[in-house]
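In: Structural data only, the sequence is not supplied:
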């Protein structure tokens, strides 16, 4: 039989059309994400600029014009006025209540401690000037003393036999004491530093053992805190670091324990360096309860 003819094999190529999506893939998602990120950054920038005051805007403009702007006198002045941050109630780079949210300005920024002391000195001068100009407060100038300690600026308001700050044996403030505390609070509220308020008594003891000078001094210090925080333009929320009652344990230098001037309110404007050290000390000392919780419990003896 003659050779059989092999069937002809035909190969057909089918080209699939990917459509519109295959041509672009996922590239549009990347572009869209970039657009959203850019818009978010833009609106964040607009919000920050709107929140900034004239002092901050002047600093930003100066930095764009001259890279060494903040080394100039004008730049240093802007930095000094920028300690509270650009937002209302902000604390800038100053240490916060828990020691976080800031840096140790006294040790890291050159001349920061000197600038801080100058600001405190200016505050002391402003308080002294206010007492000289106000007719009511002029009578109490000799009851106000201000000096610098290792902690910072210390302001003490002392009793006199004829002009006491509180009603006898109570934490009820005299009307003129309210005026004194409010005037001081207005100036201290301008500083970024936190304050410590202490109450002191003389050594005259209560006849009843149910109440002592410890309770009285603590109540008087807390009463002063309420007035200073409630004053218009006074101490900011969170600016008071500590309120302490000292009873008669710290009499004034050179005064007898029963001297009326030992009855006083002390207000200390704490320096940034001192607060940083105190925060570091507290963090380094874990609480007794934490140490007990962390220590492994002994296993019961097996019999």
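Out: Nice, I can see it. Keep in mind that what you see is a predicted model, and the values were worked out from it rather than measured.

In: shaky segments in this protein?
Out: For the chain, residues meeting the criterion pLDDT under 70 lie at 1-25, 76-110, 284-303.

In: all helices for it, in order.
Out: Ranges of helices within the chain are 19-24, 27-51, 54-65, 73-81, 105-108, 112-133, 175-188, 213-230, 272-284, 288-294, based on DSSP state H.

In: what would the ones you listed look like in CSV with mean neighbour count?
Out: C-beta: built from backbone N, CA, C; applies to glycine. As requested, the helices of the chain are exported to CSV (neighbours: other CB atoms under 10 Å):
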stretch, mean neighbour count
helix 19-24, 8
helix 27-51, 10
helix 54-65, 13
helix 73-81, 14
helix 105-108, 16
helix 112-133, 16
helix 175-188, 20
helix 213-230, 20
helix 272-284, 16
helix 288-294, 9
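
In: closest one to residue 197 among those helices?
Out: helix 213-230 (5.0 Å; CB to CB).

In: between the closest one and helix 175-188, how many degrees?
Out: 60 degrees (axes from the mean of the first three to the mean of the last three CA atoms, to 10 degrees).

In: Helix 213-230 - contacts with which helices or strands?
Out: helix 175-188, strand 195-200, strand 240-245, strand 264-270 (3 or more CB pairs under 8 Å, 6 or more residues apart in numbering; DSSP states H and E).

In: Pipe those into JSON lines and attach distance to residue 253 per row.
Out: Compiled in JSON lines, these are given as follows (distance: least, CB to CB, whole Å):
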{"stretch": "helix 175-188", "distance to residue 253": "22"}
{"stretch": "strand 195-200", "distance to residue 253": "13"}
{"stretch": "strand 240-245", "distance to residue 253": "19"}
{"stretch": "strand 264-270", "distance to residue 253": "13"}
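
In: quick one: which of those is nearest residue 228?
Out: Closest to residue 228 of the helices and strands packed on helix 213-230, according to CB to CB: helix 175-188, at 3.8 Å.

In: follow-up on the earlier one: out of the helices and strands packed on helix 213-230, flag the one nearest residue 34.
Out: Residue 34 lies closest, by CB to CB, to one member of those: strand 240-245, at 46.2 Å.

In: isn't residue 220 right up against residue 164?
Out: No - the pair residue 220 / residue 164 is not scored as a contact, 11.2 Å apart, by CB atoms under 8 Å.

In: State the number of residues packed around residue 70.
Out: Using other CB atoms under 10 Å, residue 70 is surrounded by 15 other residues.

In: In this structure it contacts residue 60, no?
Out: No - Residue 70 lies out of contact with residue 60 (CB under 8 Å); the separation is 10.9 Å.

In: So residue 49 sits against residue 43, correct?
Out: No - contact between residue 49 and residue 43 fails when scored by CB under 8 Å: they sit 10.8 Å apart.

In: State the distance from residue 137 to residue 177.
Out: Distance of residue 137 to residue 177, given as CB to CB, to the nearest Å: 11 Å.

In: Backbone dihedrals for residue 162, both of them.
Out: phi -90, psi -20 (degrees, to the nearest 10).

In: residues near it, how many?
Out: When neighbours are counted by other CB under 10 Å, residue 162 registers 7.

In: Appreciated, that's everything.
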